[in-house]
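Novice: Need the 3D shape of this:
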Amino acid sequence: MSTEHTANARPNDPDFLCASPRLFDNPLLDKLSRVHWSMPLFVYVPFVVLLGVLSLRALNPLIVAAATLAGYLAWSLIEYFGHRYLFHAELPGKWGARLHFLIHGVHHVHPNDPLRLVMPPLLSGPIMLIALLVTWLLFGLPLGYPFLMGFIIGYIIYDMVHYYVHHAEPKTRLGLTLRRMHMLHHFRAPDRAYGVSVPWLDYIFGTQYIGPRG
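Specialist: Numbering: from 1, shown residues only. Here you go, the predicted model:
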């Protein structure tokens, strides 16, 4: 997180936590950096439906289910390792600090900004294009259809869970656990609890939250 943006941080001020600061001088770029939480549903659910239809037309349902699960698991690893090593990378120099702030630092300074809790198309679009290319090279078609479908489903779940734990009031044990783990990551242990929608990966890779002893 860039020191220039954290020096005056007021973590107990609700207005500060919910602030939505300007990130770009260019008004279009700045507008594109903010998105409504429902955007991933409108953009990506139609692709999931299309991929599901193409998958079931070409493949056995059991193969579709297995490939979809594999795609989801691939996303879960991208979510965990991307958050751990890319989003929290300490990049050198002024430009490195600026890039880090744009990618993820702003979210830690203003974690309740309602318009920066799901990925804007500027970020999610390239990820999906890379996933499409890798899937096509590894599996070809039609097997790539359900794999990519599972990957996109994983992404949608991630974005929806991320918004939910910041702005909902969970009532279920699962919801409360997801919220607690993510809030601990934000306010107590930023080097722990990287799995937003996949907290079990923290236990697998040894980054689960460990509370104070005594």
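Novice: from here on, contacts and neighbour counts on C-alpha atoms
Specialist: OK.
Novice: buried residues in the helix of greatest length in the chain?
Specialist: Longest helix in the chain by number of residues (criterion: DSSP state H): helix 144-167. Of the residues in helix 144-167, 144-166 count as buried by neighbour count, 16 or more other C-alpha atoms under 10 Å.
Novice: which ones are touching residue 170?
Specialist: Residues near residue 170 by C-alpha atoms under 8 Å, 6 or more residues apart in numbering: 176, 179.
Novice: 6 Å instead, please
Specialist: residue 176 (C-alpha atoms under 6 Å, 6 or more residues apart in numbering).
Novice: any idea how far it is from residue 177?
Specialist: Per C-alpha to C-alpha, to the nearest Å, residue 170 is found 9 Å from residue 177.
Novice: likewise residue 168?
Specialist: In terms of C-alpha to C-alpha, residue 168 sits 13 Å off from residue 177.
Novice: more crowded one of the two?
Specialist: Legend: neighbour count by other C-alpha atoms under 10 Å for residue 168 and residue 177, higher for residue 177 (14 against 11).
Novice: quick one: the more buried one and residue 191, what's the gap?
Specialist: 18 Å.
Novice: swap in residue 47?
Specialist: 34 Å.
Novice: what does residue 119 give?
Specialist: 21 Å.
Novice: The two - which one has more neighbours?
Specialist: The neighbour comparison of residue 119 against residue 191 (other C-alpha under 10 Å) goes to residue 119, with 22 against 14.
Novice: Chain neighbours aside, what residue packs nearest to the more buried one?
Specialist: Setting aside the residues directly before and after it, residue 119 is nearest to residue 159 in space (C-alpha to C-alpha, 6 or more residues apart in numbering), at 7.1 Å.
Novice: Got the confidence number for that neighbour?
Specialist: Residue 159 carries a pLDDT score of 96 in this model.
Novice: what's the answer for the one 3 residues further on, then?
Specialist: Here, the pLDDT recorded for residue 162 equals 94.
Novice: All the helices of the chain, residue numbers only.
Specialist: 3-6, 14-18, 27-32, 39-58, 61-81, 93-100, 106-109, 121-139, 144-167, 173-187, 200-204.
Novice: mean confidence for the second one?
Specialist: So that's helix 14-18. 49.
Novice: now swap in the last one and tell me
Specialist: Helix 200-204 shows an average pLDDT of 96 in the prediction.
Novice: for the chain, which spans come out with low pLDDT?
Specialist: Low-confidence segments of the chain, defined by pLDDT under 70: 1-20, 24, 212-214.
Novice: hmm, who's touching stretch 62-78?
Specialist: Outside stretch 62-78, the residues touching it (C-alpha under 6 Å, 6+ apart) are 146, 147, 148, 150, 151, 154.
Novice: Apply 7 Å and report the result again.
Specialist: 55, 56, 146, 147, 148, 149, 150, 151, 153, 154, 155, 198 (C-alpha atoms under 7 Å, 6 or more residues apart in numbering).
Novice: hang on, the earlier thing: I'd like the helices of the chain as JSON lines, with distance to residue 115 appended.
Specialist: Converted to JSON lines, these look like this (distance: least, C-alpha to C-alpha, whole Å):
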{"stretch": "helix 3-6", "distance to residue 115": "19"}
{"stretch": "helix 14-18", "distance to residue 115": "9"}
{"stretch": "helix 27-32", "distance to residue 115": "10"}
{"stretch": "helix 39-58", "distance to residue 115": "10"}
{"stretch": "helix 61-81", "distance to residue 115": "20"}
{"stretch": "helix 93-100", "distance to residue 115": "18"}
{"stretch": "helix 106-109", "distance to residue 115": "10"}
{"stretch": "helix 121-139", "distance to residue 115": "13"}
{"stretch": "helix 144-167", "distance to residue 115": "10"}
{"stretch": "helix 173-187", "distance to residue 115": "17"}
{"stretch": "helix 200-204", "distance to residue 115": "27"}
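Novice: No further queries at this time; thank you.
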